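K.L.:
can't give you the sequence, but here's the structure:
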């Protein structure tokens, strides 16, 4: 394999490693503790019913996540909106959601404090929750 053919993979791995080691990055590329209030969440206007494939994810989101992240991921005074461009897949991949639920995460995009790990939620639950959140993000035009 020619060395230059590995450059895209090396850049991606370096970026991922930087986010893991540095605790994440903010919207402007720094690790600033800026509140998301400066960038209001996208309003969700869902004109169609939730597809059946995301209904379990919605139920689990409501049980495990909505207390802090709000109905339909719109955010609350206890946690940031997940239906926001900062949480789109190119900035926060699905694995970031898995890690956050399993291990908790240090505050880096929000003013709400650290997110604790979520007891009682397993990887399959989080996968269903992610499907639901990604569906909401698509409905909001985030990606």
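P.N.:
Yep, it's here. Every value quoted in this text rests on a predicted model; they were computed, and no experiment measured them.
K.L.:
List the buried residues in whichever strand or helix holds residue 97.
P.N.:
If you go by DSSP states H and E, residue 97 is part of helix 94-103. Neighbour-count burial for helix 94-103, counted by 16 or more other C-beta atoms under 10 Å, picks out 96-98, 100-101. Bear in mind the C-beta positions are built from the backbone N, C-alpha and C, glycine included.
K.L.:
I'd like those residues laid out as a markdown table, including pLDDT and distance to residue 110.
P.N.:
As requested, those are exported to a markdown table (pLDDT from 0 to 100; distance: C-beta to C-beta, whole Å):
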| residue | pLDDT | distance to residue 110 |
| --- | --- | --- |
| 96 | 97 | 14 |
| 97 | 98 | 15 |
| 98 | 98 | 19 |
| 100 | 97 | 12 |
| 101 | 98 | 16 |
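K.L.:
Tell me which other helices or strands the helix holding residue 97 touches.
P.N.:
Judged by 3 or more C-beta pairs under 8 Å, 6 or more residues apart in numbering; DSSP states H and E, helix 94-103 is in contact with helix 123-139.
K.L.:
name the helices or strands packed onto the helix it packs on?
P.N.:
helix 55-64, helix 94-103.
K.L.:
Present these as CSV; the columns should include distance to residue 137.
P.N.:
Formatted as CSV, those follow (distance: least, C-beta to C-beta, whole Å):
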stretch, distance to residue 137
helix 55-64, 13
helix 94-103, 12
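K.L.:
thinking again about what came up before, now, which of the buried residues of helix 94-103 sits nearest residue 112?
P.N.:
residue 100 (12.8 Å; C-beta to C-beta).
K.L.:
For the closest one, which non-adjacent residue is closest in space?
P.N.:
residue 115 (5.9 Å; C-beta to C-beta, 6 or more residues apart in numbering).
K.L.:
I figured that neighbour hits residue 105, correct?
P.N.:
Yes: contact status for residue 115 versus residue 105: in contact at 4.8 Å, counting by C-beta atoms under 8 Å.
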